[in-house]
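J.: Sequence and predicted model, in that order:
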Amino acid sequence: MQPDERLPARAEPDPSTTVDAGRSTWRVARSELDGLPDGGLNMAHEAVDRHLSGPRADQAALRWRGRRDERRELTYADLAEQTSRVANALVALGVAPGDVVVTLLGRVPEMHVVALGALKARAVVAPLFTAFGPEPIRERIALGAGRVLVTTSLHYRRRVAPVRDQLPTVEHVLLVDGDRRPEPGTTSLPELLERASPSFAIAPTAPEDPALLHFTSGTTGTPKGALHVHEAVVHHHHSARVALDLRPGDVYWCTADPGWVTGMSYGIIAPLTCGATCVVDEGDLDADRWYSIIEEERVEVWYTAPTAIRMLKRAGPGPAAAHDLGSLRHVASVGEPLEPDSVRWGSEILGRPVHDTWWQTETGGIMIANVPGAELRPGSMGRPLPGIEAAILASDADGDLLLQEGEPQVVDEPGAEGQLALRVGWPSMFRAYLGQEERYRRCFADDWYVSGDLARRDDDGFFWFMGRSDDVIKSAGHLIGPFEVERVLVEHPSVLEAGVIGTPDPVAGSVVKAFVSLNPDQEASDALAREILGMARSRLGPAVAPREVRFVDALPHTRSGKIVRRLLRARELGLDEGDLSTLEPT
């Protein structure tokens, strides 16, 4: 990533457009961090090295529990040494500032060590979700021009080796377990670290230097690579203290996968800047296991997802009653709207209500939240954090902005629905869609970032989520772009065309459903449906692939030929053809 390619001109908002209160908030938030001697700012320094001269050096930074209940603990001093070894190893491989280091790792300590070590070396960290299949992984690595990939032997064999010859930018594949089973064309990371120095001096790092590359799906075309800079750590730290009530020495558990933005921002960076002890669990969601972790680790702050809450609710009150959950001080959720019943369930079962928070990959950190100690309105996203200005912009029935003389109009009337927008200028605001400057610019109207979410604001300033203005599917907290799925489905020789939507699911919120029209010489059958689903799962992975295929004679289109997914959703609701015709766009 060349310096002149990092940040489009739109990434530097005019400071005069940010209210004085916001500027003051960020000045104070910045003063709570350490900074580098030259006045720079580096995420890894704020998360790890700055704690070495104080009482946190010997405190546990990570407590890891493996699938088979293995245990590992790293102090802040341990983490500093291991991340320095990673930084030195990357530099020895020729990794330069701005080069992209891709991680394909689950909830293991190596994820923290590699990500923070790469940030020390001023590389850009691009985490990927391990449930992705080969095709989504290939596409994202290619989009980011990843130079180094760090993963496990198993993930490499299953997900990377099939597409390795299609990744010309990847010069090194480092296996965190390569000392046990080396794979052809890979390098053992443990062997590199044995030879690397445990000391590393972080070079001058400007706040605007790129740090994180998070991929998020769109409704059409390729995934978007949202680029964040080192200054984002100011917002990570500030929001963790305000929205999550994180304090030095707290035992904190974020259940998000590190392949997504929540697992990076609030699973790794934010809690460590606060001096917390992070619980990391490799195991899958199981009610008894999760309640045991809260009890045994004495978790004080817990950040999870509505999908997890719904699965725990489904298990009934019995598992929770068998454990002491009294250590919990604050419980919060993220990823999708939290139902009012789940808020109340938290009070009854956990002894603490669940506080919803709202933010996006593009915002980089929590924007709106039901903060601890303030009024909590079940079903609401909450109110903007200090330093954040949020508004509802007028939009039409399709969610598109209504402009007056080319400018968006702020809706002052409480209860009116429109586009949720944020005044630009917060530190963790994404600075680019990598290589897609025009797509990036379309996210902004005047000095507002337009989120794509429809919402309303009540009389007291609480925001309420109403839906998406596009077709992105949110399943178990993950964003899935319909086109990403559709273009794989149409590669099946029997498929003429495919349209994908999200359908309600009591646990995941939504699951992917595919509508498929077949080539004229093909006949629909259960066997063909299973064959198509199997191909999709092998290519996309179970987190992205459809759960169901429905065969249709034809898909609805606009006059320009685009698939009208909202008509597919309408058909799921049982509307007749007359109702459907009224929805047809012109």
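T.: Perfect, I can see it now. Residues are numbered from 1 along each chain as shown.

J.: for the stretch 351-500 of the chain, what spans make up the helices?
T.: In the stretch 351-500 of the chain, the helices defined using DSSP state H, counting those that start in this stretch lie at 437-441, 482-489.

J.: Which of the ones you listed sits closest to Pro319?
T.: Closest to Pro319 of the helices of the stretch 351-500 of the chain is helix 482-489 (Cβ to Cβ; 34.6 Å). Just so you know, the C-beta spots here come from the backbone N, C-alpha and C atoms, and that holds for glycine as well.

J.: Pick out the shakiest of the helices of the stretch 351-500 of the chain, pLDDT-wise.
T.: Set side by side, these give their lowest mean pLDDT on helix 482-489, at a mean of 83.

J.: which non-adjacent residue is nearest Gln522?
T.: In space, and not counting its chain neighbours, Gln522 is closest to Ser494: 4.3 Å by Cβ to Cβ, 6 or more residues apart in numbering.

J.: Surely that neighbour and Met535 touch.
T.: No - look at Ser494 against Met535 with Cβ atoms under 8 Å: they stay out of range, at 10.1 Å.

J.: now the closest residue to Arg377 other than its chain neighbours: how far from Ala369?
T.: Once flanking residues are discounted, Arg377 sits nearest to Phe462: 5.2 Å by Cβ to Cβ, 6+ apart. Counting by Cβ to Cβ, to the nearest Å, the gap from Phe462 to Ala369 is 11 Å.

J.: and what of Pro55?
T.: Pro55 sits 29 Å away from Ala369, going by Cβ to Cβ.

J.: hang on, Ala211 in a strand?
T.: Yes - counting by DSSP: H, G, I helix; E, B strand; the rest coil, Ala211 is found in a strand.

J.: Quick one: residues contacting it.
T.: 43, 119, 124-125, 228-230, 232 (Cβ atoms under 8 Å, 6 or more residues apart in numbering).

J.: Arg550 too?
T.: Residues near Arg550 by Cβ under 8 Å, 6+ apart: 513-516.

J.: likewise Ile532?
T.: Applying Cβ under 8 Å, 6+ apart, the residues contacting Ile532 are 489, 492, 494-495, 514, 516, 549.

J.: show me where the stretch 351-500 of the chain has strands.
T.: Taking DSSP state E, counting those that start in this stretch, the strands of the stretch 351-500 of the chain run over residues 354-358, 368-369, 383-384, 390-393, 403-404, 407-408, 417-423, 432-433, 444-445, 448-457, 463-468, 473-475, 478-480, 495-505.

J.: Include mean pLDDT when you put those strands into TSV, please.
T.: Listed next are the strands of the stretch 351-500 of the chain as TSV, based on pLDDT from 0 to 100:
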stretch	mean pLDDT
strand 354-358	97
strand 368-369	98
strand 383-384	98
strand 390-393	97
strand 403-404	88
strand 407-408	92
strand 417-423	93
strand 432-433	97
strand 444-445	95
strand 448-457	92
strand 463-468	82
strand 473-475	82
strand 478-480	75
strand 495-505	89
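
J.: if we can go back for a sec, the residue nearest to Gln522 and Ala121, how far apart?
T.: For Ser494, the distance to Ala121 - Cβ to Cβ - is 48 Å.

J.: And for Ile532?
T.: 44 Å.

J.: How confident was the prediction at the most far-flung residue of the chain relative to its centre?
T.: Largest separation from the mean C-alpha position in the chain: Asp521, at 42.1 Å (Cα atoms, centre = their mean). Here the pLDDT value assigned to Asp521 is 88.

J.: go on, Arg6?
T.: Here, the pLDDT recorded for Arg6 equals 36.

J.: Also Gly406?
T.: Listed pLDDT for Gly406 reads 82.

J.: tally of neighbours for it?
T.: Applying other Cβ atoms under 10 Å, we find 7 residues neighbouring Gly406.

J.: picking up where we left off before, quick one, what contacts the residue nearest to Gln522?
T.: Counting by Cβ under 8 Å, 6+ apart, Ser494 touches 518-519, 522, 528, 531-532.

J.: what's the farthest-apart pair in those residues?
T.: The span of the contacts of Ser494, defined through Cβ to Cβ, is set by Asn519 and Glu531 at 14.0 Å.

J.: Which residue of the two possesses the greater neighbour count?
T.: Higher neighbour count among Asn519 and Glu531: Glu531, with 14 against 11, using other Cβ under 10 Å.

J.: any idea which helix or strand carries that one?
T.: Using DSSP states H and E, Glu531 maps to helix 526-540.

J.: Show me what counts as buried in that helix.
T.: Buried residues in helix 526-540, counting neighbours by 16 or more other Cβ atoms under 10 Å, are found at 528-529, 532-533, 535-540.

J.: burial count for the residue nearest to Thr304 when sequence neighbours are not counted?
T.: Nearest non-adjacent residue to Thr304, counting by Cβ to Cβ, 6+ apart: Thr255, 4.5 Å away. Per other Cβ under 10 Å, the neighbour tally for Thr255 reads 22.

J.: Contact partners for Thr255?
T.: By Cβ under 8 Å, 6+ apart, the contact list for Thr255 reads 281, 285, 290, 302-305, 308.

J.: same thing with Ser380?
T.: Taking Cβ under 8 Å, 6+ apart, one finds 356, 370, 458, 462-464 in contact with Ser380.

J.: Filter the residues you listed down to the buried ones, PyMOL style.
T.: A single PyMOL command selects the buried members of the contacts of Ser380 (16+ other Cβ under 10 Å):
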select buried, resi 356+370+462+463+464
